[in-house]
Structures are given as C-alpha cells and as structure tokens.
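> Provided below are the primary sequence and the corresponding predicted coordinates.
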Amino acid sequence: MRWFISTRYFFSHKRQSLVCIAGVTISVMMFIAMLAMMNGFTDKFITETVESSGHITVHDEPREKDTQILERFTTHPDALLSIERTKPRDTVKQIKNPTGLVAQLRRMPGIVAAAPEVTGEAIASYGTRNVNMAIVGIEPEQQQRVTTIGKDVKEGSFRRLRTTADGVVIGSGLQKVLGAQLDDTIVLTSNTGGRTSARVVGVFETGVTPVDYSRAYMLVNSAQTLLDKKNVINRIILRTDDYTRAEAYSKQIESLCGYKTESWQEASANFLKIFKVQTVITYVITGALLIVAAFGVLNILIMAVLERVNDIAILKSFGLSRGDVTLIYLFQGMVIGLIGATLGVGLGKLVVEGLRRLPIKVEGLVKSEGLLMSENVGMYVQAFLASIVITMVAAVYPARRAAKYDPVEVIRGAH
Amino acid sequence: MARIERGSTGVSPLFSLINENHGRDARATSISLLEARNVHRVLGSGDAANHILKGVNLAIHPREYVSIVGASGSGKSTLLYLLGGLDRPSRNDPAGKPFDPPSRILIDGQDTARLNDTQLALVRNEKAGFVFQFHYLLKEFTAQENVALPMLKLGRLSKSQIMDRAAMLLKRFGLGDKVKRKANRLSGGEQQRVAIARALANEPAVVLADEPTGNLDKKNSELVAEIFQQLSEGGQTIVMVTHDSAFARRAKRIVTMEDGNVVRDGELVGSGGGEVR
C-alpha cells in the first residue's frame, strides 16, 4: 500500500519528478564522464611510463655509503684522531660486475627481463638549435625486452643503431624542437666534454611528453664514449610479470644487490601524487553535482509534502503510522534515485563512447589523438549506488517531516 | 436525491457491512465500545495553554447512535478525535500538575495510553472509521482506490477482493457508475459519500463523524443524514459531532457539551425527536 501510494504520487507530478530525475541523471552522467576522462589520462601516463621506462630501475648508488676513514678507526669516544694529506678518491659511479648482476636478476622469480644502461646528460645541436637531453646507452635487443620502446618508433628503427656508426634514436618532442629529420646528423656534446656527430636513425613517440622531449637512445658503447664512461653501466632496467607489484620486487632486489632500486611508482611519485589530487578534485566536483541534485530532490519532496498535508492527515486517521508515512516519501526518493541513476549510467556510457570518438588532439603530460577515456564496472557501480544513497538521504528530511504532522492539527487547521 | 440501494432481503445491505464480531462481543460482555474517563485535553503550554476538555466521562455502547452537540469551542470535536484514537488525552494540567485520576480513553476495552503510536494507528485502522466535514479524498486516486486504501493497510483481503469490496460499497452509496472516477472529478456530495464508504471499508466498530454535512448543500446533507440513519438501523455504532440540530435529533442519544464538560447526556423521547431525557 505504501508503494502504491508512493508511485501514484510520483507519477501524478510528472514534471516535478522529471526535473528531479534529470538532476540525478546529469550528475551521474557527469560523474562517469569526468572519472573516465581522469582515469584515461592517468592510465595512459602510467602505462606509457611503465612500458617505456621499465618497471624497476637499479641505480649505481650503493645502498650503504662508504664509511668515512675516521669512523673506521674511532674505537674510543674520547680518542683524538688526525689524518694528514688526504686526497679524495676519484671514483666513477657505476654498477660493479653488471653482467653478473643482470644474469642474477634475470633468475629472480617475477623478473621477466633485465637490460643494462649507461645514462648521462648531453646537449644536442642542429643548426642554430640546441636542446638538453638524456642520453641512454642501450643494447637494443635487450632493451626491447624490458620496455615497449621498440613499438613506439614512428620513423626509422632501433635495429639501425647496430648498422650505423654513432646512430641515435630521439624522441618526437626532441625532433620537433631540433627540427632534425630522419638521417640528419646532429651534434651531441656531453657535460664531460665528449662530442660526437650522430645520425638520427629513428624517432620514437611514447605519448608521455616528458619522455618524448628529453630522451635519446644510442648503442651502449657509443654512449659510454660520448659520456666518458668507459665500460660503465650505471642502470639496470627490469621488467616484472606484474607491474603493480614492482614496489615489492624493488625492495627485494635492493636488499639482494645492494644498489638503490626504484620501482616505477617511486620514480613517478610526484606525478602519481598529482593524479591523486586530480582524482580527489574530480570526486569533489562530481560529488557536489550529486549533492546539488539531491537538494533538488529535497526541495521538490518538501513541496510535495506541503501540498499533501491533508492527505497525510487522512492517511493517519485511517491507520497509517509514522513509519508508513515516512516510507511513502522515502520510496519516492528511491524511485527518483533508481530512475535517475539508471538513466545516468546509460547516458554516461554513451557520453564516454562519444568523447572517445571525438577527434580532439591532446598534448600535455601525455599526447593523444583523441580524448583518453578509461572505464570500469566499479566506476559505474560507484556512481549508481552513490546517487541512490544521496537521493535517499535527501528524502529523509521531507519523509520525517511528513511523518511528524499531527492529523488533528491539520484537520483543525482546515476547518 | 441519489437513491441508496437496498438489498432484496428488506434489511439494509449496509447492515451486512458491520463487523458482527465487534457488536456481538461488546453486547455479550456489555462493555463500552468507547469510554472516556476523566479526560482532559490541554492545548499549548504556559500562559498560552487552552484547557479544552475538563474531565469528561462518557461511554459509548455498541449499536448506539450518538450526537455530540454544543457551541463552537465547547470541545466536541476534540472529544471525538480522542474517542477515535486520533489524539491522546493530556497528562498534566496547564500548571504541569498530573491529572488525578489520569485521563483514560478505552477503545473496545483497550487503554490507548498503553499503546504506542504504531499500535494506536492499527487500532484506528481496525476499529474506527472517521468522516470529517471536508472529505479529504486523495485527489490522485479514483473513488474506488480511496475506499480501498484502509483495506490495503489492514491487509486481510487480497487486492482483487479489496477492489471488489470498494466497488460494492460505492455502488451501495449510489456511486456505482463513478467507481473509476478520480476523486477531484466528483461533486461535493459524491465526495462525501466516498468518504463515508472509506470510513466503512474495514467494517469498523464505530464510525466517528465530525460535522459530516458541514460543507454540503441541503440536498446532499439530507442524503448523508439518511445514510447515517440506515447505518444506525443496521447496527453500526456512530458518534457524530454536528451543529445541525435536525441532523443531531436523528440520533437516539444526544450529548451536549459546554466549556469542555458534558452538561447533558440523554436519549430522545418520542418518534418526532422532541425531548431529551
């Protein structure tokens, strides 16, 4: 009977009910569209960063710092020690026995592939244009096992590094800044004074702007010469069987090899923090939309209660309890929430698909030919449940207000 | 005047609508169907307090047809609402002192003070049928649905049985052709007849009517008065508040109220309804 009365009330005020439903529908739709867009960009960044730079990086920084000579000989707290004519050792930062370590890491459970790298800074010059870049010296075959960089090549190929003396594969951003084309020769000058003329044998595009605008790959030998790091390997890149577990693997590897080891999550911590903040902002904005819709429901239900004070009085006179009257209005809130949420989820899906097909070029932190939309079932369930809960909460006040009416007072007032 | 249909047995078909159990049980044990014991009702508090009922004692027995009359503000409607469990008596006087003995309302032997709001609502649903000056029909519902609502709440019959019974009640009040009509598309007299049918839907022990002809023209007032007469003849207990002296005199017992007290309570003498004894 409560449901019967509730639905009749709901359908008797079609316009008001439609306004309420529209509010909920739009907010659910916006919630889904904004979250899908937000997730799309985040996922693209994470995927491309992880896939183009590896899951785990072993750096050339020993975990335990060398103990100072004075500390080694301090046997008594009151001892006075003095060292004369000390000369700082000229040490080159590198990973010791990289071949052995790479082989050892490849045998670790969860590690799919490992590749050595030498890295350093250089300035590329082409004509009058100069640009800073990160030189990454690689073994192309091994590198393509730990990253997907080979698939990101849009001109030339990594294979040409083997066939071209001092070949370099540059990011599409660098190519744009320098203005150099495939097979053009650019001059590379390292910060240690090394200098070489390198031929552009490939151009890659990961879609992650910081990578595309800063990175260039050379053969490991060429890079070692340019960077004045003969026989030095200062990074080992690892690919795991599950990139989400990279942090856990990273800790294990660090304790095993004794070098600072960084997962992709640690390396991109700043960006991930920004994404978290953006996600929170998205939730706040879309949540605010839902709350505004809920206020619409609240307002219209209060009006409905005020319009039907006499009905409430007579319903109570023939035996409806406070609980019955409360449920009549809660049911109305639930119906609005259910219809609004269902339509919102449907429209949200359509909007996501529509936005995905829009030919909008995006170039920011990530580069894309269209809007990046990423969706999952949880997102839809979240939007659906949140809207129902919020509209139900909005219906509580009018429902309780309706339940509180004293039929005698109402009837006396109408006399 | 619309004709109220009568059954072929010669006995008013409305009689058959009365819950026989209520009447039989009450008569057998000769207990009051409704009873007010030292009933006080104070509205508001402090200086604004209005002491409307001042220790009313009244018993309504099964099958009685009682009119409550009195000047405006004498407390007759308040008493009616209390007798039907729509309101509760006050516990304390305007100064905050508890009434001694405490105010009590008994409906079919049940002390309303011992019932919570939900239980009291169930008692109203089962035992009382209210008719007010204004019909209070739910305008979004048809005449049939309005009559069906109390039965849907009671839940003793299936939905189809409820709708059939609602249609039958309306037919007996001359509204057989308006069963499916929305309440707001009926005339004033028709609306009030639907309201009476609704009050009778659950075969209540008592019908409590508050100025049921107050908003009607003479023709419809006569019709409603005739309905109440027939209900009474059929054994329905009726308690009615009215300003209409002619209508009041149709009752066998007239209770007169003045300033929150019952000042006269007696049966009418003579078929013409002349003296109150």
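Perfect, I can see it now.

> for the chain, give me the ranges with low pLDDT.
I went with chain A, as the question did not name one. Within chain A, the stretches with pLDDT under 70 are A:64-75, A:88-92, A:414-415.

> actually chain B
B:1-30, B:268-277.

> isn't residue B:208 up against residue B:228?
No: counting by CB atoms under 8 Å, residue B:208 stays clear of residue B:228, with 11.6 Å between them. Heads up, the C-betas are built off the backbone N, CA and C, glycines and all.

> neighbour count: those two, which is higher?
The neighbour comparison of residue B:208 against residue B:228 (other CB atoms under 10 Å in any protein chain shown) goes to residue B:208, with 29 against 25.

> now the one helix or strand residue B:119 maps to: buried residues?
Using DSSP states H and E, residue B:119 falls within helix B:117-127. For helix B:117-127, the buried set under the neighbour-count rule, 16 or more other CB atoms under 10 Å in any protein chain shown, comprises B:120-127.

> okay, and the common contacts of residue B:208 and residue B:228?
B:238, B:240 (CB atoms under 8 Å, 6 or more residues apart in numbering or on different chains).

> how about the residue in chain A positioned nearest to chain B, what does it touch?
Taking CB to the nearest CB, chain B has its nearest neighbour within chain A at residue A:319, 2.4 Å off. If you count contacts by CB under 8 Å, 6+ apart, residue A:319 has them with B:121-122, B:124-126, B:150, B:153-154.

> which residues of the stretch 51-200 of chain B lie near chain A?
Residues of the stretch 51-200 of chain B lying close to chain A by CB under 8 Å from any CB of the partner chain are B:77-78, B:81, B:84, B:86-87, B:117-118, B:121-122, B:124-126, B:129-130, B:132-134, B:136-138, B:140-141, B:149-150, B:152-155, B:198-199.

> just the buried ones from those residues?
By 16+ other CB under 10 Å, these give B:77-78, B:81, B:84, B:86-87, B:121-122, B:124-126, B:129-130, B:132-134, B:136-138, B:140-141, B:149-150, B:152-154, B:198-199 as buried.

> ok, which stretches of the stretch 101-250 of chain A are helices?
For the stretch 101-250 of chain A, the helices defined by DSSP state H, counting those that start in this stretch occupy A:140-146, A:160-163, A:172-178, A:209-212, A:220-226, A:246-257.

> distance to chain B and mean neighbour count for the ones you listed - can I get that in CSV?
Putting these into CSV (distance: least, CB to the nearest CB, whole Å; neighbours: other CB atoms under 10 Å in any protein chain shown) gives the following:
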stretch, distance to chain B, mean neighbour count
helix A:140-146, 70, 19
helix A:160-163, 79, 16
helix A:172-178, 66, 21
helix A:209-212, 60, 20
helix A:220-226, 81, 21
helix A:246-257, 57, 18
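
> select, out of the ones you listed, the one closest to residue A:303.
Closest to residue A:303 of those is helix A:209-212 (CB to CB; 51.8 Å).

> who's in contact with the closest one?
A:48-49, A:52-53, A:171-174, A:204-206, A:363-367.

> if we go to 10 Å?
A:45, A:48-49, A:52-53, A:134, A:149, A:152, A:170-176, A:203-206, A:268, A:271, A:363-367 (CB atoms under 10 Å, 6 or more residues apart in numbering or on different chains).

> can you select the buried ones from those in ChimeraX?
The command below creates a ChimeraX selection of those among the contacts of helix A:209-212 that count as buried (16+ other CB under 10 Å):
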select /A:45,48,49,52,53,149,152,170,171,172,173,174,175,203,204,205,206,268,271,365,366,367
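
> hmm, back to that, the residue of chain A closest to chain B belongs to a strand, doesn't it?
No: per DSSP: H, G, I helix; E, B strand; the rest coil, residue A:319 lies outside any strand segment and is coil.

> what sits against the closest residue to it other than its chain neighbours?
Once flanking residues are discounted, residue A:319 sits nearest to residue B:125: 2.4 Å by CB to CB, 6 or more residues apart in numbering or on different chains. Applying CB under 10 Å, 6+ apart, we find residue B:125 in contact with A:317-321, B:85, B:150-151, B:153-155, B:201-202, B:204.

> ok, now with 6 Å
When contacts are counted by CB atoms under 6 Å, 6 or more residues apart in numbering or on different chains, residue B:125 touches A:319, B:153-154.

> what distance do you get for residue A:21 to residue A:287?
Computed as CB to CB, to the nearest Å, the residue A:21 to residue A:287 distance reads 19 Å.

> likewise residue A:281?
Residue A:281 is 10 Å from residue A:287, where distance means CB to CB.

> can you check residue A:164 too?
56 Å.

> compare these two (neighbour count), which wins?
Neighbours around residue A:164 and residue A:287, counted as other CB under 10 Å, are more numerous at residue A:164. The numbers are 18 against 14.

> next, count neighbours for the nearest residue in space to that one that is not next to it in sequence.
Excluding its sequence neighbours, the residue lying closest to residue A:164 (CB to CB, 6+ apart) is residue A:201, at 5.0 Å. Residue A:201 has 25 neighbours, counted by other CB under 10 Å.

> quick one: contacts for residue A:201?
By CB under 6 Å, 6+ apart, the neighbours of residue A:201 are A:156, A:160, A:164, A:167.

> please list the members of those that lie in strands.
A:156, A:167 (DSSP state E).

> now the contacts of residue A:201 in JSON lines, with distance to residue A:354?
As requested, the contacts of residue A:201 are exported to JSON lines (distance: CB to CB, whole Å):
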{"residue": "A:156", "distance to residue A:354": "37"}
{"residue": "A:160", "distance to residue A:354": "41"}
{"residue": "A:164", "distance to residue A:354": "46"}
{"residue": "A:167", "distance to residue A:354": "44"}
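
> next, count neighbours for residue B:95.
8.

> where does it land in three-state SS?
coil.

> gap between it and residue B:150?
From residue B:95 to residue B:150 the distance is 40 Å (CB to CB).

> re the thing from before, any idea which of the contacts of residue A:201 is closest to residue A:125?
Using CB to CB, those come closest to residue A:125 at residue A:167, 16.9 Å.
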